[in-house]
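Q: here's a sequence, model it:
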Amino acid sequence: MYALVLADYATGAVDITRVMKMLLIHDIVEVDAGDMPIHGASNANQMDLEQQAAARIFGLLPDAANREFSQLWREFEAAESDEAQFAKALDRFQPLLVNVFTQGGTWSENHVRYEQVLERYGPTIQRGAPVLWELAHRWVASHFSVVDVTNAVT
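A: Predicted structure coming up:
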């Protein structure tokens, strides 16, 4: 839904169907491998786990679907195409909104600081959807009660 509703905010012209496919494929791999929180404990083997999950899941499909989904998953992970950059931006934008509009959510639970949010969310959202980052940055600054956000925008 984010991809459909926010498509106009992508950097460059994107094929929104490809973006939606990437997001769905990315999420199904994370369901199998386990989704690592952006803050808190991390697993150094996460990429290996996701590669194994992708190979297992896509290996269940007919060859053509296996190739298509594997390619789309790799494209998302590489984040080089406009579609992949926008998909990655949305993948970061959604949990940011949840945290802002739940009075801190997992940020509070993990003692996340303003600078950490800027570092972990900013570059990815900025790259794929700069206008969304401008808005999100204002929300984040307000949440952390940062007065001057004009100099802190990354």
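Q: please, where are all the helices along the chain?
A: In chain order, the chain shows helices spanning 2-6, 16-33, 46-59, 63-78, 82-100, 105-109, 114-128, 130-143, with DSSP state H as the criterion.
Q: same for the second one, what does it pack against?
A: When contacts are defined as 3 or more C-beta pairs under 8 Å, 6 or more residues apart in numbering; DSSP states H and E, helix 16-33 sits against helix 2-6, helix 46-59, helix 63-78, helix 82-100. In this view, the C-beta of every residue, glycine as well, is placed from N, C-alpha and C.
Q: coming back round to it: out of the helices of the chain, deepest packed?
A: Per-residue neighbour counts averaged over each of the helices of the chain give the maximum for helix 82-100, namely a mean of 22 (mean count of other C-beta atoms under 10 Å).
Q: please compute how far that one lies from its chain's middle.
A: Averaged C-alpha coordinates place helix 82-100 at 4 Å from its chain's average position (C-alpha atoms, centre = their mean, to the nearest Å).
Q: ok and that helix relative to helix 114-128, angle-wise?
A: Angular relation of helix 82-100 and helix 114-128 on a 0 to 180 degree scale: 150 degrees, by axes from the mean of the first three to the mean of the last three C-alpha atoms, to 10 degrees.
Q: output helix 82-100 as PDB - backbone C-alpha positions only.
A: What follows is helix 82-100 as a C-alpha-only set of coordinates in PDB (Å, rounded to 0.1, in the frame of the first residue of the first chain):
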ATOM      1  CA  ASP A  82      15.400   3.600  -9.000                       C
ATOM      2  CA  GLU A  83      12.800   0.900  -8.100                       C
ATOM      3  CA  ALA A  84      15.100  -0.700  -5.500                       C
ATOM      4  CA  GLN A  85      16.000   2.600  -4.000                       C
ATOM      5  CA  PHE A  86      12.400   3.600  -3.600                       C
ATOM      6  CA  ALA A  87      11.500   0.200  -2.200                       C
ATOM      7  CA  LYS A  88      14.300   0.400   0.300                       C
ATOM      8  CA  ALA A  89      13.200   4.000   1.200                       C
ATOM      9  CA  LEU A  90       9.600   2.700   1.900                       C
ATOM     10  CA  ASP A  91      11.000  -0.200   3.900                       C
ATOM     11  CA  ARG A  92      12.700   2.300   6.200                       C
ATOM     12  CA  PHE A  93       9.900   4.900   6.100                       C
ATOM     13  CA  GLN A  94       7.200   2.600   7.500                       C
ATOM     14  CA  PRO A  95       8.900   1.600  10.800                       C
ATOM     15  CA  LEU A  96      10.000   5.200  11.300                       C
ATOM     16  CA  LEU A  97       6.400   6.300  11.100                       C
ATOM     17  CA  VAL A  98       5.300   3.600  13.500                       C
ATOM     18  CA  ASN A  99       7.900   4.800  16.000                       C
ATOM     19  CA  VAL A 100       7.100   8.500  15.600                       C
END
